[in-house]
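In: Structure of the sequence below:
(one chain, ligands or ions: 1)
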Amino acid sequence: MERACGECWVFVEHKDGRIKQASLELMAKGREVADGLSRELAAVVLGWNIGNVAVELARHGADKVYLVEHPLLERYQVDLYCKAVSDLASEVKPDVILFSSTRVGCELAPKVAKRLRTGMTADCLDLRVDASRGLVKQVKASFGGNVMVEVVTPFHRPQIATVKPGVATPVVKERREVVVRVTPKLDEREVKVRVVEKLETQKEDNLELAEVVVAGGRGAGEEGFRLIRRLAEILGGEIGGTRPAADEGWIPRERQIGQSGRIVSPKIYISLGASGALQHVVGFRRAGLVIAVNKDPKAPIFDHADVGVVADVKEFLEALIQELEKYLNAR
Ligand SMILES: Cc1cc2nc3c(=O)[nH]c(=O)nc-3n(C[C@H](O)[C@H](O)[C@H](O)COP(=O)(O)OP(=O)(O)OC[C@H]3O[C@@H](n4cnc5c(N)ncnc54)[C@H](O)[C@@H]3O)c2cc1C
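Out: Numbers count the residues shown, from 1 in each chain. Purely as a prediction, here's the structure:
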């Protein structure tokens, strides 16, 4: 087995000087893992002129911050980022490297794992620790999403995993700040992609941060989703849904909640016309109050709800919206 220095690393993403929410969540999960293994937690952040990001990371539980700066790292480019992270990992030999299951993390993590000749587990829903063997138990849905499995990397180091956004809550913790400045060896000739023009895309939504999520399933139907949008508007919440709802085009694909979608943790989750399949339920199991509406009293969704209503979605929503509008108009 490869010798490891014992550090637990979290690869941190940032934009316009701000750390991404998914990375802050991962820092919290990384802290748990590092403490469980009695290791140091190090944040690894790449970019150019990003000293402020390093300072911020110390507030989120990092014992150490590797600040990897180079003009060529100003914008994310998978080859350069992969080289910088894996060169540093080859030198320092961390025990664990965690990435978020974001667009960047999903692209970067397997490339880093390949370069370091180690294993990688994608889209973990949780991480646990086997302290006696120094292993990170990487929990993910498998076999078509019907069972949760624990994957371990016993013979190679580092242990690498990507973790779904939404599975942890960021913590603010005062810690000793140690910034290790790293200048990677990168060559202009290695740049394969050049930015010609920057276009504004759609704004990122706040599904993971929403306090109220109103989500529909196949049982809601197209008409039900019109009412779901209205209810979300009244409650100031965000819309989500099941895979069939996304397949039907009633919600954008990126609003699918579940194993192959997003993980949400609102204070209130309202489920309308969803059966309660495990692959969907894993997407909201950290929600506070779960209210489920289904016309079938035996629907499994009721096993995951605090409040269950046996009703037709459309009738339920029409009545609820009418009452809420009456209340709002009377104020
Ligand atoms: C590898 C894999 C990954 C997956 N990932 C995801 C994922 O990320 N997210 C996800 O959602 N699914 C995912 N799925 C699919 C998942 O297994 C289920 O098929 C899906 O969640 C079912 O969606 P649904 O509840 O909307 O539809 P259905 O299972 O068809 O349920 C519809 C429900 O609506 C009720 N209903 C019907 N009409 C009404 C009405 N008028 N009023 C009230 N209730 C009504 C019915 O009683 C039923 O319970 C995945 C599957 C696999 C194999």
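In: Let me know the secondary structure of the closest residue to the ligand within the stretch 1-150 of the chain.
Out: The minimum distance from the stretch 1-150 of the chain to the ligand, using CB to the nearest ligand atom, falls at residue 145 (3.9 Å). (Each C-beta comes from the backbone N, C-alpha and C, glycine too.) The three-state label given to residue 145 by DSSP: H, G, I helix; E, B strand; the rest coil is coil.
In: So it is in contact with residue 280, correct?
Out: No. Residue 145 lies out of contact with residue 280 (CB atoms under 8 Å); the separation is 9.3 Å.
In: all strands of the stretch 151-300 of the chain, in order?
Out: Assigned by DSSP state E, counting those that start in this stretch, the strands in the stretch 151-300 of the chain fall at 159-163, 179-182, 212-216, 238-241, 268-272, 289-294.
In: and the helix or strand following the last one with the ligand, contact?
Out: Which is strand 289-294. Per DSSP states H and E, the first helix or strand lying C-terminal to strand 289-294 is strand 307-310. No. Against the ligand, strand 307-310 shows no contacts by CB under 6 Å from any ligand atom, the least distance being 8.5 Å.
In: Does anything pack onto strand 307-310? Which helices or strands?
Out: Helices and strands touching strand 307-310, by 3 or more CB pairs under 8 Å, 6 or more residues apart in numbering; DSSP states H and E, are strand 289-294.
In: Please see if the strand it packs on touches the ligand.
Out: Yes. Against the ligand, strand 289-294 shows contacts by CB under 6 Å from any ligand atom at residue 294.
In: For that strand, which outside residues touch it?
Out: By CB atoms under 8 Å, 6 or more residues apart in numbering, the residues outside strand 289-294 that reach it are 219, 267-276, 284, 299, 301-302, 304-311, 313, 316.
In: Buried ones from those, can you make that a PyMOL selection?
Out: Here is the PyMOL command that selects the buried residues among those (16 or more other CB atoms under 10 Å):
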select buried, resi 219+268+269+270+271+272+273+274+275+276+284+299+301+302+304+305+308+309+313+316
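In: Report the separation between the nearest residue to residue 129 once chain neighbours are set aside and residue 133.
Out: The spatially closest residue to residue 129, leaving aside those adjacent along the chain, is residue 36, at 3.3 Å (CB to CB, 6 or more residues apart in numbering). Separation of residue 36 from residue 133 (CB to CB, to the nearest Å): 12 Å.
In: what does this structure put close to the ligand?
Out: Contacts of the chain with the ligand, taken as CB under 6 Å from any ligand atom, map to 144-145, 217-219, 242-245, 256-261, 273-275, 277, 279-280, 294-296, 299, 312-313.
In: on that earlier part again, the residue nearest to residue 129: what's it in contact with?
Out: The contact partners of residue 36, by CB under 8 Å, 6+ apart, come to 128-129, 131.
In: Please check the residues you listed and keep the buried ones.
Out: Among the contacts of residue 36, those classed as buried by 16+ other CB under 10 Å are residue 129.
In: Right, I'll call it a day here.
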